[in-house]
Each structure stands twice: as structure tokens, then as C-alpha cells.
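Peer 1: Sequence first, then the predicted structure:
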Amino acid sequence: MFVNYLKIAWRNLLKNKTFSFINIAGLAIGLSCFLLIALYVTDELSYDQHNEKADRIYRVDSDIRFGGTDLKLAVCSDPMGPTLKKDYPQVEQFVRFYNSAGSKMLKKGDQFINEQNVFHADSTLFEVFTLPAVEGDTRTALNEPNTVVLTESAAKKYFGTTNVTGKFIETAGDKNNLYKITAVIKDIPKNSHFTADFIFSMDNVDYTFGNFTSHNFQTYVLLQKGTDPKAFEKNFDEVIAKHVLPQVRQFIQVNSMDEFRKAGNNLVYTLMPLKDIHLRSNRAVEMGVNGNIQYVYIFSAVALFILLIACINFMNLSTARSANRAREVGIRKVLGTAKKSLVWQFLTESTLMAFISLLLAVLIAGSVMSIFNDVAAKSLTIASLFSMKVLPLLLLLPFVVGALAGSYPAFYLSSFQPIKVLKGKINAGFKKSSLRSGLVVFQFAISIIFIIATVIVYNQLDYIQNRKIGFNKDQVLVINGTGTMGDKTRAFKNELSKMPGVISVTNAGFLPVANSARNDNTFSPQPVMNAQNGFNMQTWRVDQEYLATLGMELKAGRNFSRDFGTDSMAIIINETTANLLGPGNPLGKKLYTPGNTSNPTDLEVYTVIGVVKDFNFASLHNKVSPLSFRLGRSDWAIACKVKAGTATNLVTGIEKAFKASAPGMPFSYEFLDDSFDKMYRAEQRVGKIAIAFAILTILIATLGLFGLATYMAEQRTREIGVRKVLGASVANLTAMLSLDFLKLVGIAALVAFPFAWFATHKWLEDFAFRVEINWWVFVLAALAALMTALLTVSFQAIKAALANPVKSLRTE
């Protein structure tokens, strides 16, 4: 019986080629989108799952509010981990990561390579995280100073083999620059929230340990089995009272945390589950670029909607062409076929179509995989579809789609009464159907929502690119790794300043882009800092050319000058800081900051000499917070403001000068506007994916509308013939045939508008600086959908209106 169903289904597919093509094409496009997004979502949800103890690993996060400034950090103090392990039996183990520089220069042959994926870690690293050894003993690998663990790829890159334990690797810039390789581990999986090729011993960190008020270490704890993390978090209040508060009192006059909080401040430590870090953590000092759970939800919904729209096409076309199959159903029922058999027959047809569509979808997904990877910043392969996680979904998909798309047509067609059908009393082809109209409205409502979302995303991205951010990011060339020059840095800067095309040169260790150095300190306008007058502020060390090179505007006062010897204790603040200092002229005011936490009376006192206009030194997701400049060295990077059109030639000359000053060191540069753009790569990816989905959604909906218009024209052929004989024009007939569809698209627009506004408003809330949602975006989306529908329907309507009425009426 099943074979018979398949034969009939196959014959019907071949008999109705237009119907089959539209449905298979729509389903194939919908399924290919679904498969790509399923791979993306599966990959996003798989982060850190490879760790055997992942369910018990938590990161200690810090939330600090002081003087109106909020800090949400993925780090805590260096003694936090050891203290938790020592004082609380619920903590089985801890591990800390540290890397202040973000990279290390490692020697290969006679050249140095700037390696980015490096950090220092405690020897307990391998007790917490699952990092299998290829060679060596990870249990003792980092127990001693001057030891390092390499990944397989790193070992092969530097030595051509993984048999490297006992060998040494040289670094530049460290006090102890020879490190013994004690183990080699497998490459850290790509779906890990941190990555590393070189893991150095924590004993080599140049840092004053034991300070509970300085937050610079990513700290992870492994809780004992059965420990409730929420219940354990209550212990942090005790840690703060016992360890943190006594050190805070050394430079802030405060009696208790209650007093500290009543002044509007706060200090909270929380546990972030390891499995949640990639998708649910977006804090300062993350170990890598994390994802966003909102985008996972959005893309999952998009995948389902696109697939649902393709299924709706099938349902609409199947019911619309029901008159073509009504006589078949009537005859089969007269001959004794049960309704159940007819239902199975129609479900077999829809499932067969889903299987064919799935095969095409796999081919489509494979052909566009590289493009999708570029847009989504992934490294997925078509083989991922056949992994044990995805394969069951792949095999189940055609049955689910077949049942979803074919269930209503199957029950609808099998319910015809044979007597009425055979007497010709049923002409169900395109009679008005509330369900069919509702499904068309749903399809175009989703399409309009996607159009609106795409326009809003691109408006926000354009706003980010063109908004006056308070500094000039164009034509600024940043040379990295200049700290390795040592005493030659100043001479190198002087040489750059004399090059034709170079306007100015400055130290660029601190830049208003991501992945640049940051330095947060506490300040007070009074000699005695307390919970009311203290505040956190970024303090950047710059030189006299910094403001001019980056095009920053002074609102009051003056810049640093070599003519003023007292500028070593001068400070320039931004407008946000000036507002914190209260009314009156901020110039000449004093700012006090602890110089030595062991002695609260040892204060550094700075005099405000200038106020710079607020600029966005972090992402536009964040508000501008207090920031200041003071004179100091930050020459591990150097920035040049160059004349337009000279950059290409200048790079060659700068590289030559760099290699002369730092022989053997790698030359690396980037433009500041490129670094700025990197902060919004996630939003740019969303924009590209949004426009792709919007186009595909409209394409699938248009295919369905084309099919419906085709059958509409077929069913009304005789009516059109009569109207033409009675004098109706082509324009009148076209308007008559198109109007019903345009009404549905208009209703879809009204349905889509509130949902689109809510969704885009929620997305924009994540930006401190954002565009307004303008009314014209909604009108534009509605017009685009109406024009698409009109062009689609008009093609068939005009074709039907131009047909010779004699041919349609000669049988009457």
C-alpha cells in the first residue's frame, strides 16, 4: 500500500509541474535556511560543553558602583580564589587567569612573533578545565616559575613536532625571558569561551599580590558536587566584610558596607556558570568575544518562521487547487476508498515533496556555507549536518515538515462529499477561504517585520559610523609592538614625525577602541575620600600630542605643554568628570587619588588644567563615563595622524624605520577606523543576516503568491471571458484580480507594525546612543511588500486579462 501511495504521489508531482516546482523551491529555500541556522545555534549552545566538570565550574564576577560609575567586570581580585578555597569547603578548587599585556613576543629562529593567544594561569588549571595532554604531566606542568604549556599547533609552529617537553622558548620584554616547556596539550576547542596557544606559570606575573581592591584576574571556582551556587553566593558578603572592607578603609573613609551602599555605591560578587559565559556574559575584561543569547533566540525564531512560511505555501496551493483533485477524490470514495487512506495518500505526497526539498536544501546549504561562515564568523562545514547532534533532526525534518504542510490539505481534500463532487457542485479552487487569507496575511506580516528590522539595523550601523563620537578616527595609523624598542622609542617617534605626510605622532597605549589598555582608579575632590565624594575614573597616560593626533576638542583650559614643568602633576578631565566635581569652573580644582594603599595619607594630588569634550572611548552600547589624561609613558603602541592618500607609501617607510629600531621584531599596524569598526562586528553580522533573511522570506512568500495568483486566474477564466465580452478593459480586469491580494498585504502591514516596533525597540535598548524609530520605515516596508505583491499578482492577472475570451467561452 505504501509503495502504491509513493507511485501516485510521484505521478502527481510530474503531472503538476508548476505546482511541484513552486512548493519544492519554497520548501528547499526554507529548509536550507533552517539547516544553516540550526548549525549556527547548535554551535553557539555547545560552548564549553567539552569540559567534563562544566556543570560545577563558575566564574567570579564583580559589580562595582562608586561615585555614579558602574563597572561590570569579568574579573575579581587576585586573593579571591585562594581565599574561597581556604575558607569554604564547598570550593573544591580554583584557577586564575592573567594577561595584562594581551600578547607576548616569542622567538622563533632569529625572529620574534607577536602571539595574541597567551595568558598566565595557576597550576590548578588542569584540575578545573578539561585540557587533555599530548605530552608531559599537566598535574605538575605549571608548579614552578619559568614554565609554559603549549598546544599542539603552537608546538608544531615553533618546533615542527609535539615532542618538545624540556625545550625552552624565549620571550621579549620579560624579566625572565626563558621558559621551559613542561607539557603539550591538545588544541583548545573553538567552541570555548577562551583560547590559548601558550599558558605561562602564574609565578612569573609581575604583580603585587594580596590586594582585594584591585580587580584584574579572571577567577574560576570548581564547586563540590551538590553545592547550590545561589546559596554559596551569600558567602561573598562575609568575604567583603572580612577581607575587602578593611583594605577599602585604607583609602576611603567608610565604617561599613551599609554606609557605603546608602551613599549610592555598591560592591557585589556573583557566580557566572561556565556554560552561560559565551551567550549571557558581556562584561568588561572578557577573555574573548562572546555571543549573545538574544541573537540565538532571534535566529531560532527566524528559522522557524521561514520554514513555516514555506509550509504555508504548500497548504495554500494545495487547498487552492482542490477543484483539480475533487473529482479524483469523489471517484475514489465511490469505489470504496476510506477517508483514512486518502489522508495517508495526501500526507505521503507532502512528505515526498519534503524529502526532495531536503535533498536540495542540503545542496544549497553546502554551496553557501562559506558565505554563511564569513557573515556569521563561524567555521561550520556541511559535515556538521551529519554529526550525531544534528543527524536525528535532519532525518526527522521531512516527516515533520510533511505532516505540518500536508495535514490541513489532506483532511480538507479527503472530506469532500462524492455526490456533490460528481454532480459538479463543488468548485473549491479559489473560493474565498478565511484560513487561506489568514495564512497569506501571516506570511507577509513576517516579511514586513523582517524588512523593518533590516532597515532599523542598518540605520543604527550608519549612525555608529557617522555619529560625531568626539574624536577623529580617520587617517590615524597605529603601530603596535613599539614597547620592544626600549630606549629607542623616542628616537623612533622623532623619525616618524619628520616623514613626509605625517601630521603628528603620539603614544597610543590607550586608545578609544576595544582591546586597548585601560586603567581605572579612585579619585576624590577632597583630601579625605569617603563614600559620598569618591568616584571611579579611567586614567590614561598620554603625551603632549595625544589630543591633537586624535582630534579631541578642548572645551576649557589648555593641553599639556613642555613649557610647563608642573604638568607632571596636571590632569585633563572629560565633561562627565567635570559634572561630578559640582558647579563652578573645574579648572584649577584638585583631584586626590591614593598613591600607596598601605599608607592612606600617601596621596597623589593632580590639578585640573583642561576639560576635553566627552567622547565615546567604549562601545556606543555604553554611556560615557569619567575619564582623565595625565602625562606618562604608554609607548607600547604609537599612532600617527597622516595626510589623506599618503598611508600606503608611509607604511613602507615606517616599517623600514621600525625594523632598524627593533631588529627581529614583527612589524604590525592597523588603522584606527578599522579598530573602531571591530567593536561592532556582531551588529554588522546581524545586519547582513537580517537582509538575507528578509530577501528570502519575501522570495518564499512571493512564490506562494505567484502560485495562488496562477490558480486564481485558472478558476476565473470563464468569468474573465464574460467580462471582456461585456467590455471590461485589461486595466479593469487586472485591478479586479489584484485587489483581493493587495487587501491582504495591507492587513499584514497593520498586523506587523506593532510587533516590528516592539522587537526593534528592544534591540535598540542595548545601545546608550541610538537612532529613533521613524514612521517612514514602516511606510517603506509596507510599500515594498505591496509592490512585490502587485508585481507578482499582476503578471498572472494581465496574462489572464489578455487571453482570448473565445477560447474560454466556446465550451459554455
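Peer 2: Cool, got the structure. Residues are numbered from 1 along each chain as shown.

Peer 1: what helix or strand is the most centrally placed residue in the chain on?
Peer 2: Nearest to the mean C-alpha position of the chain, by C-alpha atoms, centre = their mean, lies Ala682 at 3.7 Å. Following DSSP states H and E, one finds Ala682 within helix 681-715.

Peer 1: next SSE after that helix?
Peer 2: Per DSSP H and E, the helix or strand that comes after helix 681-715 is helix 717-725.

Peer 1: and the helix holding Ala682 with helix 717-725, angle?
Peer 2: Counting by axes from the mean of the first three to the mean of the last three C-alpha atoms, to 10 degrees, helix 681-715 lies at 80 degrees to helix 717-725.

Peer 1: How about helix 681-715, which residues are buried there?
Peer 2: Neighbour counts over helix 681-715 (16 or more other C-beta atoms under 10 Å) mark 683-694, 696-715 as buried. C-beta: built from backbone N, CA, C; applies to glycine.

Peer 1: Same check on stretch 523-541?
Peer 2: 523-525, 529, 531, 533-541.

Peer 1: how about the residues you listed, which pair is most distant?
Peer 2: Maximum pairwise distance in the buried residues of stretch 523-541, criterion C-beta to C-beta, is 28.0 Å, between Ala531 and Arg541.

Peer 1: Strands - which of the buried residues of stretch 523-541 land there?
Peer 2: Phe523, Phe535, Asn536, Met537, Gln538, Thr539, Trp540, Arg541 (DSSP state E).

Peer 1: Tell me if I'm right that the fifth one and Phe629 touch.
Peer 2: Read it as Gln538. No. Counting by C-beta atoms under 8 Å, Gln538 does not reach Phe629; the two are 9.4 Å apart.

Peer 1: Would you map the helices across the stretch 551-700 of the chain?
Peer 2: For the stretch 551-700 of the chain, applying DSSP state H, counting those that start in this stretch gives helices covering 575-580, 647-661, 672-678, 681-715.

Peer 1: Now do the helices in the stretch 1-150 of the chain.
Peer 2: Here the stretch 1-150 of the chain has its helices, by DSSP H, counting those that start in this stretch, at 2-15, 17-45, 80-87, 125-128.

Peer 1: contacts for stretch 399-409?
Peer 2: Stretch 399-409 is touched from outside by 27, 31, 307-308, 310-311, 314-315, 318-319, 322, 346-347, 349-355, 357-358, 435, with contacts defined as C-beta atoms under 8 Å, 6 or more residues apart in numbering.

Peer 1: now Phe305, nearest residue through space, not along the chain?
Peer 2: Ile446 (5.0 Å; C-beta to C-beta, 6 or more residues apart in numbering).

Peer 1: Now for that neighbour: which residues touch it?
Peer 2: Phe305, Ile309, Thr697, Ala701, Ala752.

Peer 1: Of the residues you listed, which is the nearest to Pro392?
Peer 2: For these, the minimum distance to Pro392 (C-beta to C-beta) is 22.7 Å, reached by Phe305.

Peer 1: For the host helix or strand of the closest one, the averaged confidence score.
Peer 2: Assigned by DSSP H and E, Phe305 belongs to helix 293-320. Averaging pLDDT along helix 293-320 gives 81.

Peer 1: what packs against that helix?
Peer 2: Secondary-structure packing of helix 293-320 (3 or more C-beta pairs under 8 Å, 6 or more residues apart in numbering; DSSP states H and E): helix 17-45, helix 277-280, helix 339-367, helix 391-414, helix 434-466, helix 681-715.

Peer 1: hang on, the earlier thing: rank the helices of the stretch 1-150 of the chain by mean pLDDT and give me the bottom one.
Peer 2: Ranked by mean pLDDT, the helices of the stretch 1-150 of the chain end with helix 2-15 at the bottom, a mean of 60.

Peer 1: Could you check how far the closest residue to Phe126 other than its chain neighbours is from Thr182?
Peer 2: Leaving out its chain neighbours, the residue that sits closest to Phe126 by C-beta to C-beta, 6+ apart is Thr138, at 3.9 Å. Counting by C-beta to C-beta, to the nearest Å, the separation of Thr138 from Thr182 is 9 Å.

Peer 1: intersection of neighbour lists for the two?
Peer 2: Val149.

Peer 1: what sits against the residue nearest to the centre of the chain?
Peer 2: Taking C-beta under 8 Å, 6+ apart, one finds Val289, Asn292, Tyr295 in contact with Ala682.

Peer 1: Give me the distance between the second one and Val375.
Peer 2: In this structure, Asn292 lies at 15 Å from Val375, with C-beta to C-beta as the measure.
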